[in-house]
Every structure is written in C-alpha cells, then in structure tokens.
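Peer 1: Next comes the sequence, and after it the predicted model I'd like to discuss.
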Amino acid sequence: MAVAAGRPTARTEAENPLSEGLERLPPPPTALVIFGATGDLARRKLLPALYNLAHDGALPERFFLIGIARKEKAHEDYRAECEQAIRRFSRRKPDDDVLKALLEDVKYVPGTFDEDSVYAELHRLLDEFEEQASEPLNRAFYLATDPSFFGVIVDELGRSKLAQHMHAEVRVIIEKPFGTSLEEARELNRRVLAVFDETQVYRIDHYLGKETVQNMMAFRFANGMFEPLWNRNFIDYVQITAAEDIGIESRASYYDKSGALRDLIQNHMLQLLCHVTMEPPVSFTAEEVRNEKVKVLQAIPEPTPEEIPEMAVRAQYAKGHAGGEDVPGYLEEEGVPPDSITETYAALRLEVDNWRWAGVPFYLRTGKRLARKLTEVAVTLKPVPHLAFSQAGSLGVQPNQLVLTIQPNEGVSLSLVAKIPGTRMAIRPVNMEFLYGTSFLSQSPEAYERLITDAMRGDATLFTRNDEVEAQWRICDPIVRFWSSTPEEMANYESGSQGPEEAERLLREGHRWRAI
Ligand code: BG6
C-alpha cells in the first residue's frame, strides 16, 4: 500500500516557525496483525490511529494489515467495518482516497485464539504479503484482546514459529492491563519472555504516547531553569490528578473487576509520577529512560496495612448531575452488582524515599464522574520565608505553583505573585502560560499514533519494561488486598462533584486539593 495525502493544516504549519521538526520518518516495511480486531479498542483507537498515520504519510511504504477475531466474516465485510470505525472515530474527517488505499489489502482471519488453524492461516497470509512486497517484512503482533488471552496468544505464536523471522524484526505489542496483581504480572512476564526476548516486547501504557507527557521530559531536562529547584529543598508537594467526567459507560464487566486504582493509578498515574521524579537519563534510549523510572518506583515504599487507611482513600460515585444530565450512581449502572465494592475514585499519598524527594508528599487522585475531564501535574513550591506585603488589598497570595496540563488545554502554567497596579503595595497571583495548541498551531497526534509508529520503528522508550510493570504492582497490590478485606470503608461522592470529602484526610497541614 502506498498512501500519500496533504495535511489539512499544512498552510498554518508552514507559516509557523515552531513547526520545524514536526515531520516523522516512515518506519520500515511492516505487517501489523491485530488480535481482537473487532473490539472496542481496535475500532475506537487503533484503526483511526492507522488512518491518521496514513493521512500523514507516516505509515511504512509497504504496510499490510491483518485482523483476527472470533466471528466468521469475509475480508470485504471486515474492511467495511474498518471503514465505518475510522469514519466514526478518526480525529480528522477521512479522505476517501487515503482510506481506500489503506484498506484495500486488509485481510481478516476468523477463529479463537487457541486454534492452531488460525496461526497456520496467519503464517500463510504473512508469507503471501512478503512475496507481494518482494522483501522481508517486519511483523508486529498487537494484542488488543481481553487480557485473559494474552498468555494464550503468545504461547501460540511461539508454538507456530511466528515469534522470529529471518532478516526481519518480530515484535509483540501488549495492551493493558498487564495482569491484575503482582503475581499475575510476573506469571505473564514469564510466559511472554519464554517466547520473546524483552527487546521484542512493547507493553502499552497509552499515557506515554501523549505529547504532553513526553513534554514533561523536555520541560525538565531541556530547560536549565527548573531543575535546580526540582527537589525537596524547594518543592513542598506535588499533586497529580486524572479526573474524568464520564462514568463507566458500557464497560461494567471489565471495570467492576478492576476499579480506579488498577485502571488508572497502577499504570498511567505512576508513569506520570515517574516523569516528575526521575533523575535525568544519560541519554533518551529505551534502556536509560526505563532504568531511571524503575529506580523511582523502587524508592516508593510498599504500603503496610497499618499505613493504608492514612494514605489511601477510595469511593464510589452516587447519582448526581454530570454532562448536563441526571446520571445514576455506580451501583445502579447496568451490569454492576448492587453490592459491588469496586472503587470509582482513588486517592493516594505516596513518598519517594530517595535523596532528591524524601519527605515530599505526592498526592495522586483519579475518579470517574467528577466535575470535568482534567489531567494535570501541579508542583507547589515552598512558601517564601517572610511576606512583607500583608496590608489590605493583597489578594489570595499562595506559593508559586507550576501546573503541567496533560489534557485538555495542554500546556504549562506558572503562578507568580505580582503587584496590583496602583498606589498601594498590594499583590495578587497571576499566571504565565504556554499553550500547546496556540504555540504550535498543529493538532497533536493521538497517543496511539505515536505508539504504533514507535513499535514499528523498534523504539521501546515509551513502553513499559517487565521490571517496571512489576514495580508498579508492588506499590498497588497491598492496597488492593487491604481494600478487598475492608469493604465497609467505602465512601461516596455525588456525580459531577469534586470527589469524596474523605480525600481531605490525606493532605498534610497547609496543603489542599486543586479544584477539578
Ligand atoms: C484507560 C482506562 O486506560 O484510560 C479508562 O481503562 C480511562 O477507564 C482511560 O477512561 C482514560 O484515558 P484518556 O486518554 O481519555 O485520559
């Protein structure tokens, strides 16, 4: 397949001096195989991401796509489904020619993931594509199925000799959740690494593909200004929020077994924490960056049952008003057992016990059906030692706060204190802001576009390594266990609100939650 298309934003980008460097180099010839090809993730995220890469000319010149799922259907029917999904979920309105070129060769293999015949057919199609390409094709197997199939698929790929290929790279991309406990994660790692080498494995955490998450590293390590302050001597506390206004939608069967801690804190939020706290890597290679992240995770003490009530809060949403309508509580949602003890909100106070951070609290909170969608990291500096401007007319003076907004309104804002114009020495906080959208005049690619490209290019920097994922579980596992043994401790919060009052008890004196 060869797809070329102009970018709709090309003129504005060309006029913008900051657009230099936005181009991406196409990855080598690749066959991408999606297991779970008709599922939600494939429809909402993967296929639209592939379309947008095609639109930008960022797919390999020789690119082949195979979908595998249980239901029997013809290649053409699967292509029509792909087209529908792309039209519905793409961030851009699809261009007919690009879409046609992307989908014309797509193949579909029906069957269950433990059936040998599925892998025999896959083998045959891959050989056929390779013949068509007249050169060795890299292979990327994307596991977008229910997590219970990850181990089976990996075993089968090994058994059917698809895990290696002469003169080409074979990679496996594994979706989250990577296990539901430390023990499961270890077992899955063991199974995956019995078939693939760690360098072939790409564990997805889609937050790492977000531009603004990557920008945290640029912000910290490419500016001389902040890093000297980035430690326990100057920083009072750090607050990381991942609030959502949506409920659990139609995902009760997954969500009720997971809960907020496992769904968002164990992966995305601990990754954000790593980005805030890691030491500068020697270079931005996958190994160096991940070594530094693992060190941070290892410096977070495993919570003991005595500490957990003091450092962790969970709650469920009750009915309320969100997104302009009345919404039911979690226990009234379709598919949720009426006595469920799954949390839809979780907040933690963690510490990173190392030279740089000892004693600084890191407050993490996430929840469904909160006041609005907001993901941000707020770093609050220590107050000045003496404030000589306390006369009347000064307004709400607070210590400096640096806020990295991951979404929406991606950007960085720094609160400063400034004099209010006039004859009195009165002061108030003001903000200095950098906004991604208005500075770069370009729409950021979706996280999955970046991650699929990187996996095809063989760059694992933005993927989680085996020891990293296990270190994340080591922190969360004791809390999951403690919560399941104390079901009576569940708090509530009204849908559309700021979350449960109980979250206040995590805060040290003088600290406060930012408004969502
Ligand atoms: C997923 C969770 O990993 O992240 C979802 O399973 C959550 O429950 C989603 O809604 C949030 O992602 P984003 O990119 O919308 O912040």
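Peer 2: Perfect, thanks for sending it.
Peer 1: From now on I want contacts and neighbour counts done on CA atoms only, so please keep to that.
Peer 2: OK.
Peer 1: Check the secondary structure at residue 231 for me.
Peer 2: coil (DSSP: H, G, I helix; E, B strand; the rest coil).
Peer 1: so how far is residue 361 from it?
Peer 2: 12 Å (CA to CA, to the nearest Å).
Peer 1: Neighbour count: those two, which is higher?
Peer 2: More neighbours surround residue 361 than the other of residue 231 and residue 361, with 22 against 17 (other CA atoms under 10 Å).
Peer 1: Now do the same contact list for that one.
Peer 2: Residue 361 makes contact with 236-238, 349-351, according to CA atoms under 8 Å, 6 or more residues apart in numbering.
Peer 1: Just the ones of those residues in strands?
Peer 2: 236-238, 349-351 (DSSP state E).
Peer 1: out of these, who's nearest residue 329?
Peer 2: Nearest to residue 329, judged by CA to CA, of the ones in strands among the contacts of residue 361 is residue 349 at 26.2 Å.
Peer 1: need the contact list for residue 513.
Peer 2: Residues in contact with residue 513 (CA under 8 Å, 6+ apart) are 239, 504.
Peer 1: Which strand or helix spans it?
Peer 2: Remark: residue 513 resides in no helix or strand, with elements defined by DSSP states H and E.
Peer 1: what about it, distance to residue 498?
Peer 2: 9 Å.
Peer 1: again, but for residue 441
Peer 2: 32 Å.
Peer 1: What of residue 351?
Peer 2: Distance from residue 351 to residue 498, by CA to CA: 24 Å.
Peer 1: Look up how far residue 169 lies from residue 39.
Peer 2: For residue 39, the distance to residue 169 - CA to CA - is 26 Å.
Peer 1: neighbour count winner among those two?
Peer 2: residue 169 (19 against 13).
Peer 1: The more buried one is in contact with residue 136, isn't it?
Peer 2: No: counting by CA atoms under 8 Å, residue 169 stays clear of residue 136, with 9.1 Å between them.
Peer 1: Now for the closest residue to residue 74 other than its chain neighbours, how many residues are close by?
Peer 2: Leaving aside its sequence neighbours, residue 74 sits nearest to residue 108 (CA to CA, 6 or more residues apart in numbering; 7.0 Å). The tally of other residues near residue 108 (other CA under 10 Å) stands at 25.
Peer 1: do residue 409 as well
Peer 2: 14.
Peer 1: neighbours around the nearest residue to it once chain neighbours are set aside, how many?
Peer 2: The shortest distance from residue 409 to any non-neighbouring residue, by CA to CA, 6+ apart, is to residue 435 (6.9 Å). The tally of other residues near residue 435 (other CA under 10 Å) stands at 14.
Peer 1: What of residue 421?
Peer 2: For residue 421, the neighbour count with other CA under 10 Å is 9.
Peer 1: Could you report the separation of it from residue 393?
Peer 2: 11 Å.
Peer 1: quick one, what contacts the closest residue in space to residue 460 that isn't next to it in sequence?
Peer 2: Distance criterion CA to CA, 6+ apart; nearest residue to residue 460, sequence neighbours excluded, is residue 286 at 5.4 Å. The contact partners of residue 286, taken as CA under 8 Å, 6+ apart, are 459-462.
Peer 1: now residue 286: how far from residue 416?
Peer 2: Taken as CA to CA, the span from residue 286 to residue 416 is 36 Å.
Peer 1: Mean confidence (pLDDT) on stretch 273-282, please.
Peer 2: Averaged over stretch 273-282, pLDDT sits at 96.
Peer 1: ugh, typo on my part, it should be stretch 122-137
Peer 2: pLDDT averaged over stretch 122-137 gives 94.
Peer 1: buried ones in that stretch?
Peer 2: Neighbour counts over stretch 122-137 (16 or more other CA atoms under 10 Å) mark 122, 125-126, 129-130, 133, 136-137 as buried.
Peer 1: most centrally placed residue in this structure?
Peer 2: Closest residue to the average C-alpha location of the chain: residue 207 at 2.0 Å, with CA atoms, centre = their mean.
Peer 1: Quick one: low-confidence residue ranges for this structure.
Peer 2: 1-25, 390-391 (pLDDT under 70).
Peer 1: Checking the residue lying farthest from the centre of it next. Helix, strand or coil?
Peer 2: Relative to the centre of the chain, the most outlying C-alpha is that of residue 423, 49.5 Å out, by CA atoms, centre = their mean. Under three-state DSSP, the three-state class of residue 423 is coil.
Peer 1: Give me the phi and psi angles of it.
Peer 2: In terms of degrees, to the nearest 10, the main-chain angles of residue 423 are phi -90, psi -10.
Peer 1: residue contacts, it?
Peer 2: Residue 423 touches nothing, counting by CA under 8 Å, 6+ apart.
Peer 1: ok, it to residue 393 distance?
Peer 2: Counting by CA to CA, the gap from residue 423 to residue 393 is 11 Å.
Peer 1: circling back: mind checking how far the residue farthest from the centre of the chain is from residue 162?
Peer 2: Distance from residue 423 to residue 162, by CA to CA: 77 Å.
Peer 1: now, among the contacts of residue 361, which is nearest to residue 260?
Peer 2: Using CA to CA, residue 349 comes nearest to residue 260 of these, at 15.1 Å.
Peer 1: and the closest one, how many residues sit next to it?
Peer 2: With other CA under 10 Å as criterion, residue 349 counts 22.
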